[in-house]
Each structure stands twice: as structure tokens, then as C-alpha cells.
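K.L.:
Can you look at this prediction? I've put the sequence above it.
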Amino acid sequence: MREHCHDIAHLGHVEMYTDRYEESLAFFTDVYGLTLSAEADGSAYLRAWDDYEFATLKLTRHTTTGVGHIGYRTASPEALRRRVAAIEASGYTIIGWVDGDAGHGPAFRFEDPFGHVFEIYYETRWFRPKAEAERAALKNTASAFRGAAPRRLDHLNLLADDVAEFRLFMETCLGSRVTEMIQLDNGRIGGCWFTVNNKTYDLACTEEHGKGHGRLHHVTYAADQREDILRAADLFLQNGVHIETGPHKHAIQGTFFLYVWEPAGNRIELANAGARLILAPDWEPVVWTEADRKKGQAWGLKTIDTFHTHGTPPVDPAQTMEA
């Protein structure tokens, strides 16, 4: 494992595209339980009840679905400059500086080899309650909660044709460490779980099986306890939300999970990771074999087929056949 780089503080936000904007927004606010911080220029800025930043999900009206960009906050202005210099020297595609948006200041954008756009920034907008209903009863939490009540943005999962190549990108540009990984029998890496801090992971990358490009597998928010996941399943059932799989427990990373599809088809997870943290500075990645994965999830449950094939945006079947 490489020496831990402390320039990146944490995963800051994800921009998600939707071609059913009003329905997606209603899902995230009324059912999933995020709070709308603002709407501007065709985007809604949303956050969980204990996210300190103004927004952790930027929901953008679009002609398709998937991920617009992924934002990481740096540890300081100096760290931002160091990372920009490293990314500029890396040889990866540079988009350059953008002004930021309603949630944060100037950001430096770049692209992985598979079409996902990343940005890093330091200046951010902290959430400040405007209405009494938004104010938490306890001073040490950011705001009140409702719906499924996710606490904070946890991680996202991207799809790539070559996970080993994506790993090099994450290590080079963000200084990420791999905490767990899948080693396939054919020598390829089937998946990697990355962290920039002491969380077990903030981003996962798994193999693209749908012949897509720059696709999203899912975005995840964290709940405090397993019982929150069970309550959320009832909420989703009551509101006609498609429950894809769960609740049960992942073998990799050990999270208790529930996956649903929001109205536009983007996969959303609610998860509880328990108390797992990666505190060891010399942590070696946990390697899962193909035989391990064939056993299913932690309690031996078979992984549903769509979990390996569904991503957003959807792939044109004609293109898949041609490929």
C-alpha cells in the first residue's frame, strides 16, 4: 500500500442526472428523506440531515440518467494546489477550473479513462438552518430529519471496463487507498473499494458488464443502524418504490444494505456500515476470490442478476449487440 495521502478530506457530493426530474425530486425529498437546500438552473441541491455541507447530491434535469460529476473536498487550499499539480502531471484528461455552484466555490475538473468526471475543491458552503423545522433538537447535529432519514452521504459505485486502470487513476489523482478488492480467476480485478480517509470506503469501482461508458452503478447514503434500513423498506413498499434487493448484508465491507431504483432508474442504496473504520496505516487490501464471490452475500444469499447488469445511463441494446 502506498503512503496515505492526506490532501483529500472526503467525498463531498455527487451530481446525478434524471430525465424524470419532478418525480426524482419528490422521491429524494418525500420518501428517501433528503432536504432541499436550493433549486437553480435546472438542478436541485440536496443533503442528508447530518451532512455539514449545503449539498451532497446535485440532482440535475437531463435527457438521460447517470452521474454528472463526482466532487471531493480537499483538506486545505494548499492541498488543493498540490492535488491540481499532481493531476496536471498525471496525463489524464484535464477539463480545468470551473466556478463552482450553489454548494461550493471554484473546482478543478478532470476525467478518468472511462468517461467519469471528477472535481476537487476546498471552498464550501456550510448548511445553516433557515426555518425552525430544519433545526435539530441537539446542537451537535446539523438539522432535523424525516422520511427514511439517511444521516450522510457515504459512497458511490462506478462502472469501468478495466478496474486495474481505474485503480491507478484513483491512486494517482486522489491519493486513494484500496481497502478491499475482488481478484478474478482470469487475472483481472473485478472490483476495488477506495478510501481517502479512515472510512472503509467512499468509492467503489466494479467491472462494466453492459458495454456502457461512464456509467453509474449506485449512490449510497448511510443510516445510523440496521433498524433504519428495515423501516426504510416499509417506507419504500408503501410508496411504490422498486426494491431491487435487500435488506441483507454484504460480504465485502460488511454493510447492511437495501437497494432501490428511484423513478428515473438510478440505483440508490441505504446502508449501515456499523463501526468499521480503517485505522491501520499499513492496512493491506482484503482480497476476495471468484470462489468467495460465488458464495453470495454474507448470509449466503444469491446476488440478484440485475445487480450485475443494470447501470445508468441505460445502454442501447443495438450498441450492446454490435460490441
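P.N.:
Happy to help now that I have it. Residues are numbered from 1 along each chain as shown.
K.L.:
The stretch 101-250 of the chain: helices as residue ranges?
P.N.:
163-173, 226-238 (DSSP state H, counting those that start in this stretch).
K.L.:
so who does the closest residue to residue 33 other than its chain neighbours touch?
P.N.:
Counting by C-beta to C-beta, 6 or more residues apart in numbering, residue 147 is the residue found nearest to residue 33 once chain neighbours are left out, at 2.7 Å. In this view, the C-beta of every residue, glycine as well, is placed from N, C-alpha and C. Neighbouring residues of residue 147 by C-beta atoms under 8 Å, 6 or more residues apart in numbering: 29, 30, 31, 32, 33, 34, 235.
K.L.:
Just the closest of these to residue 217, please.
P.N.:
Nearest to residue 217, judged by C-beta to C-beta, of the contacts of residue 147 is residue 32 at 17.6 Å.
K.L.:
host element of residue 293?
P.N.:
Secondary structure from DSSP states H and E places residue 293 in helix 290-294.
K.L.:
tell me what the helix or strand just after that helix is packed against?
P.N.:
For helix 290-294, the following helix or strand on the C-terminal side (DSSP H and E) is helix 306-309. When contacts are defined as 3 or more C-beta pairs under 8 Å, 6 or more residues apart in numbering; DSSP states H and E, helix 306-309 packs onto strand 242-249.
K.L.:
tell me the angle of the helix or strand following the strand it packs on relative to helix 226-238?
P.N.:
Later in the chain than strand 242-249, the nearest helix or strand by DSSP H and E is strand 256-261. Counting by axes from the mean of the first three to the mean of the last three C-alpha atoms, to 10 degrees, strand 256-261 lies at 20 degrees to helix 226-238.
K.L.:
Identify the residues contacting strand 256-261?
P.N.:
Here strand 256-261 makes contact (C-beta under 8 Å, 6+ apart) with 218, 226, 229, 232-233, 236, 241-250, 267-274, 307, 310.
K.L.:
Could you pick out the buried ones from these?
P.N.:
218, 229, 232-233, 236, 241, 244-250, 267-273, 310 (16 or more other C-beta atoms under 10 Å).
K.L.:
what mean pLDDT would you report for stretch 269-285?
P.N.:
Here stretch 269-285 scores 94 as its mean pLDDT.
K.L.:
Relative to the whole chain's centre, how far out is it?
P.N.:
Here stretch 269-285 is found 15 Å from its chain centre; the criterion is C-alpha atoms, centre = their mean, to the nearest Å.
K.L.:
Dump it to PDB, keeping only the CA atoms.
P.N.:
Taking C-alpha atoms only, stretch 269-285 is exported to PDB below (Å, rounded to 0.1, in the frame of the first residue of the first chain):
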ATOM      1  CA  GLU A 269     -28.700   2.400  -1.600                       C
ATOM      2  CA  LEU A 270     -29.300   3.000   2.100                       C
ATOM      3  CA  ALA A 271     -26.700   1.200   4.100                       C
ATOM      4  CA  ASN A 272     -25.400   0.800   7.700                       C
ATOM      5  CA  ALA A 273     -21.600   0.000   7.900                       C
ATOM      6  CA  GLY A 274     -21.600  -0.500  11.700                       C
ATOM      7  CA  ALA A 275     -18.500   0.800  13.400                       C
ATOM      8  CA  ARG A 276     -15.900  -0.300  10.800                       C
ATOM      9  CA  LEU A 277     -13.000   2.100  10.300                       C
ATOM     10  CA  ILE A 278      -9.600   1.600   8.700                       C
ATOM     11  CA  LEU A 279      -7.200   2.800  11.400                       C
ATOM     12  CA  ALA A 280      -4.100   0.800  10.500                       C
ATOM     13  CA  PRO A 281      -1.600   2.900   8.500                       C
ATOM     14  CA  ASP A 282      -0.200  -0.200   6.900                       C
ATOM     15  CA  TRP A 283      -3.500  -1.800   6.000                       C
ATOM     16  CA  GLU A 284      -3.300  -4.400   3.300                       C
ATOM     17  CA  PRO A 285      -6.300  -4.800   1.000                       C
END
